[in-house]
Structure formats: C-alpha cells, structure tokens
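Trainee: Pasted the sequence and its predicted model underneath.
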Amino acid sequence: MPKHIALPPPFSSEPFRVSAALSADVGAGRLRGGDLDRPFRGVRHPLGIPAAPFQLYAPLLRSGDRFSHVTAASLWDAPLPKSVAEQLHVMAGSGLTRVRGRGVHGHDGAAGKTARRRGVPCSDPAATFLELATILDLDDLVAVGDHFVLTPHVLDPLEERPFLTLAALRDAAHSASGRGVRRARRAAELVREGAESRPETLLRLLIYRGGLSEPTCGAAVADARGRHIGWFDLVWPELLTIVEYDGDQHRTSTSQYERDITRFDRAIEAGFCVIRVRSRGLLITPEHTLDRIRRALESSPAAPKRR
C-alpha cells in the first residue's frame, strides 16, 4: 500500500476546502488520496479525525451564512428528538442564494441574529427557537425553550447562562411573523425556568394537561429545621409533594444513584411524598403516572379538604 505524503497543517487535522489546499500548494493528486473522506463536494476530511456534521460543512460557509434550525440547536446543546438531531441546516446570508447539496437543508430569508458557538456562526437562541417552530412539535419546542432559559444549579464557569431570558424568549415569539409563529407563541407561554432535561419538560406538560396545579421546576427543598436537602425536578412545597424523573443514573453512575437515594430518603423523612417516574411511566403509561400524582396531591395533609 503506497504511503501518503503528510498534509501540512491545518489540513492534516481538520476538514478543509479543496480550493484552500490547492492554494497552499497541496497537489490535486494528493487530495484524491484514500486517507481523505469527501463529506461534501469541495471538502476533504482526514480519516480518523473525529468531526461533527457542522464541522464537515463549515469550510463551505460563505460570508454571512450561518448554521440554523436543529444544527444551531445542537450547537447550543439543546435537547432534540432523535428523528431530527442529525440534520444539517444552513441559513443563507442576506442577498445570497439558498445553499443546495446532498445532506443539507438550505434556507433563506435570514431573519434573527447570528451568534458564534464552537467557532462557527449560528442562529442566536431567539432565532433558533423561532426556526424550530417550523420543524418541531409543540412539546419538543417547549423543551428547547426550557433549555434556553435555564440557569443550571451547577454552572459552567466558561459559559454564561441563561442563554436567553424567559421575557426575551416571549418577546421574540410575540413580535415574530411568518411560518410557525403560532406554535412559537404557544410554546413560549409554556416555557418555564428550572427544567434541566427534556423528560422533565415532558413530565411537567403531562401534569399541566392533566389539569393539576402547577409545580415549581428545579426547586430547593429543606427540612423543618431549614437544612437543605437538595434540588428536585418538580415540587409542590405547600403540598409536601415531589415528582422526580429517574434517568439512567442508576445504570451509568453508582455514586450519583446513591446520592439520589439519600436525597429521596431525607425528603421522605422531612414529610414529603416522593414520586419517582421512569421513562415507561412518561411515555407508555402516562395516565397511570398522572393518577399517581393526582392521588398524592389530593391526599397531602395540606390539601384543601373536600366538603
């Protein structure tokens, strides 16, 4: 097997445009080498170097273009359904034609602002939310909104959160026009601060549609002596009721699972009813889950007594 001539940096370590390599005196024959992938026309990528779809397309962005829709949402780490998470969306810059090509969803009419995320231009959170209103269903759009307005309990010192305030999100939705605006406005009214995952959002929406009183999202719970017990997904403090979505921490992190068990035990000792919901209870048997929560709220010692 012939040995390939080493590519000069940066072509050896990241996706690059063929024209850029030719301008740097990399021969056309070398660019046909079997160690180079061809993810898009006019782009080469060294095999064995990990790269996300947006990184593979980035060399083709023109001045003014930006990543949009679900690609922008992924860059903002927003939760997305698997059915669309891998799509690649590009918004053409003002005055530019819509991009076309295999595996690319091109858009024009670049409303909204552009931000930079992970070294590439993309729609800012408000524009991303409005763009997604043309693609996602209502609940998934609310989950993205919850992510944008969230201030996590554990902050990344290198990242400013929230990405967007709740007031700014609602202002953007109500001042927008065009496709998806009705869904955007409806979703914006359902967005809440404090939800840290898509399942938490979906669980909250299940409770809302079940006609139950609205819980506080991401609430701190303390015992009768004021000692902090922990943060919980959905809390009715006055009714001493907690609903917690159980993810895969029991399978992926023993230490996290043990901390959660201690947290639940302390909440129960403090007089709270703790209802834990798994994915089956959210996606397969939601009515059973809703009934469990309803009975807990109605049986709370602090619940209004029926006459």
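Mentor: Yes, it's here. Numbering: from 1, shown residues only.
Trainee: Helices along the chain, start to end?
Mentor: Applying DSSP state H to the chain gives helices spanning 18-23, 53-57, 69-75, 125-132, 138-149, 166-175, 181-190, 198-209, 249-252, 254-269, 279-283, 286-299.
Trainee: What's the mean pLDDT across the shortest one?
Mentor: Pointing back at helix 249-252 there. The average pLDDT within helix 249-252 is 60.
Trainee: just the fifth one next, same as before
Mentor: Mean pLDDT, computed over helix 138-149, is 98.
Trainee: Comparing the helices of the chain, which yields the minimum mean pLDDT?
Mentor: Taking the mean pLDDT of the helices of the chain, helix 249-252 comes last: a mean of 60.
Trainee: Mind checking the helices of the chain for the one nearest to residue 118?
Mentor: helix 69-75 (5.7 Å; Cβ to Cβ). For glycine as for every other residue, the C-beta is placed from the backbone atoms N, C-alpha and C.
Trainee: now the helices of the chain as CSV including distance to residue 234 and mean neighbour count?
Mentor: Converted to CSV, the helices of the chain look like this (distance: least, Cβ to Cβ, whole Å; neighbours: other Cβ atoms under 10 Å):
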stretch, distance to residue 234, mean neighbour count
helix 18-23, 51, 14
helix 53-57, 34, 20
helix 69-75, 24, 26
helix 125-132, 23, 27
helix 138-149, 12, 24
helix 166-175, 17, 16
helix 181-190, 14, 18
helix 198-209, 6, 21
helix 249-252, 17, 11
helix 254-269, 13, 14
helix 279-283, 12, 15
helix 286-299, 9, 16
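Trainee: Tabulate these (CSV), appending distance to residue 113.
Mentor: Shown next, in CSV, are the helices of the chain (distance: least, Cβ to Cβ, whole Å):
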stretch, distance to residue 113
helix 18-23, 28
helix 53-57, 18
helix 69-75, 11
helix 125-132, 6
helix 138-149, 14
helix 166-175, 10
helix 181-190, 16
helix 198-209, 25
helix 249-252, 36
helix 254-269, 37
helix 279-283, 35
helix 286-299, 37
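Trainee: Quick one, which of those helices gets closest to residue 117.
Mentor: For those, the distance to residue 117 is smallest for helix 69-75, at 4.2 Å, taking Cβ to Cβ.
Trainee: Let me know which of the helices of the chain is the nearest to residue 156.
Mentor: Among these, helix 138-149 sits nearest to residue 156 (Cβ to Cβ), with 13.7 Å.
Trainee: so who does the spatially most central residue of the chain touch?
Mentor: Nearest to the geometric centre of the chain sits residue 78, at 1.3 Å (Cα atoms, centre = their mean). By Cβ atoms under 8 Å, 6 or more residues apart in numbering, the contact list for residue 78 reads 128, 143-144, 147-148.
Trainee: what does residue 73 give?
Mentor: 80, 128, 132, 144.
Trainee: Next, find the distance separating the first one from residue 218.
Mentor: Remark: distance between residue 80 and residue 218 (Cβ to Cβ, to the nearest Å) = 21 Å.
Trainee: Kindly report the same for residue 275.
Mentor: 16 Å.
Trainee: Among these two, which residue is more densely surrounded?
Mentor: residue 218 (21 against 17; other Cβ atoms under 10 Å).
Trainee: And the more buried one, what's its pLDDT?
Mentor: In this prediction, residue 218 has a pLDDT value of 95.
Trainee: Which two among the contacts of residue 78 are spaced furthest apart?
Mentor: Across the contacts of residue 78 (Cβ to Cβ), the longest gap, 13.0 Å, separates 128 and 143.
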